[in-house]
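Peer 1: Model the structure of this input:
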Amino acid sequence: MSNLVSQKRIAAVILDCGENRVWFDPEQLTEIANAVSREDIRALIKEGAITAHQKKGVSRGRARLRMAKRAYGHCKGHGRRKGAKGARTPSKRVWIQKIRALRTTLREMRDTGSIDRSVYRKFYRRAAGGQFRNVSHLKQNIEQHTGKVN
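Peer 2: Numbers count the residues shown, from 1 in each chain. Below is the predicted model:
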């Protein structure tokens, strides 16, 4: 096997891998031993007498399963949480989500005609001031203001 050291080294350079990943076909060892030039080694690689083992990797299968579970709320209990509430979902992100929902609702109500432009503008400003907790709270206030049930 010691006469194959240089062949292994040359093959590793050609295959662009480490020497440990180079594989010699056990039935063609004599031909490999006779190969002294890079061209000979390239020919043997083309034949399939010399190949490179596949790289070992870390499977992402378990990670994908965990991510799928977390997508529908599992594996997110108190024991799993490290950051504070404001670190996991920053208060700015919470505000953006809330104000977008409120403004979309107001826009839809204005476009369908359930509220007129002046009421829309009044409640738009109130929403910007942080007066409403959520969409249902906003709708409650609009009902009280206009006297209509939406």
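Peer 1: which one's the longest helix in this protein?
Peer 2: Secondary structure of the chain per DSSP state H: the longest helix is helix 91-112.
Peer 1: Pretty sure residue 31 sits against residue 41.
Peer 2: No - in this structure, residue 31 is not within contact of residue 41 by CB atoms under 8 Å, at 10.8 Å. The way it works is simple: take the backbone N, C-alpha and C, and place the C-beta from them, glycine included.
Peer 1: So if I had to pick from these two, which one is more boxed in?
Peer 2: Between residue 31 and residue 41, counted using other CB atoms under 10 Å, residue 41 has the larger neighbour count: 25 against 16.
Peer 1: what about the more buried one, which SS state?
Peer 2: Following DSSP: H, G, I helix; E, B strand; the rest coil, the label given to residue 41 is helix.
Peer 1: Is it correct that it is in contact with residue 14?
Peer 2: Yes - between residue 41 and residue 14 there is a contact under CB under 8 Å: 5.9 Å.
Peer 1: For the chain, give me the ranges with low pLDDT.
Peer 2: For the chain, the stretches flagged by pLDDT under 70 are 1-2, 148-150.
Peer 1: circling back to that earlier point, helix or strand right after the longest helix of the chain?
Peer 2: Past helix 91-112, further along toward the C-terminus, the next helix or strand under DSSP states H and E is helix 117-128.
Peer 1: Who are the packing partners of that next one?
Peer 2: Under the contact definition 3 or more CB pairs under 8 Å, 6 or more residues apart in numbering; DSSP states H and E, helix 117-128 sits against helix 91-112, helix 135-146.
Peer 1: Put together TSV for these, with mean neighbour count and distance to residue 81 on each row.
Peer 2: What follows is the helices and strands packed on helix 117-128, written out as TSV (neighbours: other CB atoms under 10 Å; distance: least, CB to CB, whole Å):
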stretch	mean neighbour count	distance to residue 81
helix 91-112	14	16
helix 135-146	15	27
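Peer 1: Reformat those helices as CSV; add distance to residue 60.
Peer 2: Output for these, formatted as CSV (distance: least, CB to CB, whole Å):
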stretch, distance to residue 60
helix 91-112, 27
helix 135-146, 38
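Peer 1: Out of those, which gets nearest to residue 52?
Peer 2: helix 91-112 (46.6 Å; CB to CB).
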